[in-house]
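A.B. asks: Okay, here's the prediction I keep looking at, along with the sequence it came from:
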Amino acid sequence: MAFSDSTLLNEQLTPFLSFDRQQWAELRKSVPLKLTEQDLKPLLGINEDLSLDEVSTIYLPLARLINYYIEENLRRQTVLTRFLGGDKQKTPYIISIAGSVAVGKSTSARILQSLLSNWPQVRKVDLITTDGFLYPLEKLKKDNLLQKKGFPVSYDTQRLIHFLADIKSGKRNVSAPIYSHLTYDIVPDQFDYVDQPDILILEGLNVLQRGNSNTNQVFVSDFVDFSIYVDAEESLLKEWYIRRFLKFRQSAFNNPDSYFKHYASLSEQEAVATASKIWEDINGKNLRENILPTRERANLILTKGANHAVEKVKLKR
């Protein structure tokens, strides 16, 4: 196949190496898959049906790569400790996973957590979502931010940054607020505690945000060692979101404690129209304005196709 000069130039200019499924799968080498179908099922999201083949093809090579990075990071920490002449401190390795609503970030995070916990040495791997750092519903309503929930402005970013700073400094039992998707709000006086893990996976919409400031502002991404962006065409994301909404309408929305219980009585046609409007007014807008522009900042991009399977992997050189 002949390539034009402009095509070759574009390939040389990109900071990413690109792999199709087969090329990426070959990088698994001889790493064994310890997950079973029974192990995989509770890791999947409500709208996903990923197979063990997807884990073997996409996530095992990724876990292998991350472990190489972790080993290099540990060597660098040893060098720094030797240089500074102090006692060696445990510094957790932080992985962030970004991407749109409905793309499957949570599933990717849980699968990675499972794989990295046993590779081959046992490592302590904690998983925290940034949902817990959303402002409480009362404040969002007061500040007229309910229609921007999930946008960067709806998060207590400084609290999240302090949380990550404490994790990186090796503090014990660092607390993270808990978010309830049922009540659509922060759970009062309840926390997850992160106690000196080897790896922390941070999953959220805006973890790659850097802002436009020229000041010495600190960002969430400053604490991240390796970042992943889970990608898909917006038409697919909208389709997946609507499908998920319809499933919630038949399950979670029927719970009398659900914030969205008023959606349970919608007809299917009304539910599709409602979900479409929510996508256009909130989730799609957030994707286009805030999330998608951060994609190229990731160390690795997983691009999904129509069946939620990853079709392409891009790795930053």
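C.D. replies: Sure thing, it's come through. Numbers count the residues shown, from 1 in each chain.
A.B. asks: When you work out contacts or count neighbours from here on, use the C-alpha atoms and nothing else.
C.D. replies: Fine.
A.B. asks: Low-confidence ranges, the stretch 101-250 of the chain, go.
C.D. replies: 211-216 (pLDDT under 70).
A.B. asks: what are the ranges of the helices in it?
C.D. replies: For the stretch 101-250 of the chain, applying DSSP state H, counting those that start in this stretch gives helices covering 105-116, 137-142, 157-168, 234-249.
A.B. asks: quick one, which of those is packed in tightest?
C.D. replies: Neighbour counts (mean count of other C-alpha atoms under 10 Å) averaged over each of those peak at helix 105-116, with a mean of 21.
A.B. asks: Take the helices of the stretch 101-250 of the chain and write them to a markdown table, including distance to L60.
C.D. replies: Listed next are the helices of the stretch 101-250 of the chain as a markdown table, based on distance: least, C-alpha to C-alpha, whole Å:
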| stretch | distance to L60 |
| --- | --- |
| helix 105-116 | 7 |
| helix 137-142 | 39 |
| helix 157-168 | 26 |
| helix 234-249 | 25 |
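A.B. asks: among these, which is nearest V272?
C.D. replies: helix 234-249 (6.2 Å; C-alpha to C-alpha).
A.B. asks: what's downstream of the closest one, the next helix or strand?
C.D. replies: Following helix 234-249 in sequence order, the next helix or strand is helix 268-278 (DSSP states H and E).
A.B. asks: Pull out the buried residues from that next one.
C.D. replies: Neighbour-count burial for helix 268-278, counted by 16 or more other C-alpha atoms under 10 Å, picks out A271, V272, A275, S276, I278.
A.B. asks: Next secondary structure element downstream of that helix?
C.D. replies: Downstream of helix 268-278, the first helix or strand assigned by DSSP H and E is helix 284-286.
A.B. asks: what's the spacing between L202 and G85?
C.D. replies: 31 Å (C-alpha to C-alpha, to the nearest Å).
A.B. asks: of those two, who's got more company?
C.D. replies: L202 (22 against 9; other C-alpha atoms under 10 Å).
A.B. asks: so who does the residue lying closest to the more buried one once chain neighbours are set aside touch?
C.D. replies: Excluding its sequence neighbours, the residue lying closest to L202 (C-alpha to C-alpha, 6 or more residues apart in numbering) is S96, at 4.6 Å. S96 is in contact with I201, L202, E203, G204, V207, V224, F226, S227, I228, counting by C-alpha atoms under 8 Å, 6 or more residues apart in numbering.
A.B. asks: so the fourth one touches G99, yeah?
C.D. replies: Yes. The pair G204 and G99 qualifies as a contact (C-alpha atoms under 8 Å) at a distance of 7.2 Å.
A.B. asks: related to what we said a few turns ago, okay, and the beta partners of the residue nearest to L202?
C.D. replies: Listed by DSSP bridges, the beta-bridge partners for S96 are L202, S227.
A.B. asks: so what pLDDT did it get?
C.D. replies: In this model, S96 is scored at 98, pLDDT.
A.B. asks: Was I right to think I128 contacts V207?
C.D. replies: No. With contact defined as C-alpha under 8 Å, I128 does not count as touching V207 (11.8 Å).
A.B. asks: More neighbours: which of the two?
C.D. replies: Taking other C-alpha under 10 Å, I128 and V207 do not tie; V207 has more neighbours (27 against 20).
A.B. asks: JSON lines for the buried residues of helix 268-278, including pLDDT?
C.D. replies: As requested, the buried residues of helix 268-278 are arranged in JSON lines below (pLDDT from 0 to 100):
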{"residue": "A271", "pLDDT": "94"}
{"residue": "V272", "pLDDT": "96"}
{"residue": "A275", "pLDDT": "96"}
{"residue": "S276", "pLDDT": "97"}
{"residue": "I278", "pLDDT": "97"}
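A.B. asks: From those residues, pick the one nearest P42.
C.D. replies: Of the buried residues of helix 268-278, the one sitting nearest to P42 (C-alpha to C-alpha) turns out to be A275, at 25.6 Å.
A.B. asks: For G305, see how far away that closest one is.
C.D. replies: Separation of A275 from G305 (C-alpha to C-alpha): 21 Å.
A.B. asks: A176: neighbouring residues, count only.
C.D. replies: Look at A176: counted by other C-alpha under 10 Å, it has 21 neighbours.
A.B. asks: give me the beta-bridge partners of it?
C.D. replies: When assigned by DSSP bridges, A176 has beta-bridge partners D192.
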